[in-house]
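Engineer: pasted the sequence and its predicted model underneath.
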Amino acid sequence: MNINSAFPSNYLKATDLGGNGRRVTVTIESVEMEDIGDTDKPVVYFKDKKKGLVLNKTNSNMIAEIANSEETDDWTGVQVTLYSTKTDFQGRRVDAIRVEPPIKNNSSRAMQEQVPPPSDNDRPPDDDSSVPF
């Protein structure tokens, strides 16, 4: 048994994305203020997904940049790409979710021949329908 299944969460965790570096493009449905522990925090919810992402300052700023607005009401319908990575937190390395603009797919064969193969950081997002969150 995976210990994470013994303690399910209502909120998205890096392990929910299915592996370090995997990218999933999602569409924002809403942002709600919720009681998380001992403080209220914004939680972003995505279309056709059960779990919300508790926002930290880094991810909030990135979404505001992508949406061209610091008003969370303007974020509805905006597409973002989520990916899992590692970050330093309280002196140790931990799994984290980060947000980036969605990658625009260019199907031009001439363009593909001129561009080197993508690295893990450049690869296109996975189809979000296979992500269980």
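Structural biologist: Looks like it arrived, so ask away.
Engineer: does the residue nearest in space to the middle of the chain count as helix, strand or coil?
Structural biologist: Residue closest to the average C-alpha location in the chain (C-alpha atoms, centre = their mean): residue 82, at 2.3 Å. At residue 82 the chain is in strand, as set by DSSP: H, G, I helix; E, B strand; the rest coil.
Engineer: bridging residues for it?
Structural biologist: With DSSP bridges applied, residue 82 shows beta-bridge pairing to residue 24, residue 99.
Engineer: which parts of the chain are strands?
Structural biologist: Under the criterion DSSP state E, the chain contains strands at 23-36, 39-46, 53-54, 79-89, 92-100.
Engineer: quick one: the residue nearest to the centre of the chain from residue 35, how far?
Structural biologist: In this view, residue 82 and residue 35 are 23 Å apart by C-beta to C-beta, to the nearest Å. Bear in mind the C-beta positions are built from the backbone N, C-alpha and C, glycine included.
Engineer: do the same with residue 67
Structural biologist: Distance from residue 67 to residue 35, by C-beta to C-beta: 25 Å.
Engineer: ok, the two, which is more surrounded?
Structural biologist: residue 67 (18 against 8; other C-beta atoms under 10 Å).
Engineer: what residues are up against that one?
Structural biologist: Taking C-beta atoms under 8 Å, 6 or more residues apart in numbering, we find residue 67 in contact with 28, 74, 75, 78.
Engineer: thanks again, I'm all set now.
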